[in-house]
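Trainee: please work out how this folds:
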Amino acid sequence: MADTSMILAATDAVSGNIATVGYGLAVLGPGIGLGILIGKTLEGIARQPEVAGQLRTTMFIGIGFVEVLGLLGLITGFLFQ
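Mentor: The predicted structure follows:
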């Protein structure tokens, strides 16, 4: 039968690493979002070069929103430790 002190020690050892794994997972979403956002903007500029200014402005606004998601993941990692 397992000793309860060993189980508690193992639980304490794992809890310190969960925040790091959580932040790593939280960064995946914005990373994928940025790739799609920038790729589709470049695709749109290649198809219609005359609207490049509008697409670029919209892309930078979208990049700001996506980056906020990454920062929220970082902040929640620190808050819930």
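Trainee: quick one, helices of this protein?
Mentor: Chain-ordered helices for the chain, with DSSP state H as the definition, fall at 4-47, 52-79.
Trainee: I'd like the average pLDDT over the first one.
Mentor: Mean pLDDT, taken over the full extent of helix 4-47, equals 77.
Trainee: before we move on, what about the shortest one?
Mentor: This predicted structure assigns helix 52-79 an average pLDDT of 88.
Trainee: which helices and strands does it pack with?
Mentor: Packing partners of helix 52-79 (3 or more CB pairs under 8 Å, 6 or more residues apart in numbering; DSSP states H and E): helix 4-47. Backbone N, C-alpha and C define where each C-beta goes, glycine included.
Trainee: against residue 54, how distant is the residue nearest the centre of the chain?
Mentor: By CA atoms, centre = their mean, the mean C-alpha position of the chain lies nearest to residue 27, the distance being 2.4 Å. Using CB to CB, to the nearest Å, one obtains 29 Å as the distance from residue 27 to residue 54.
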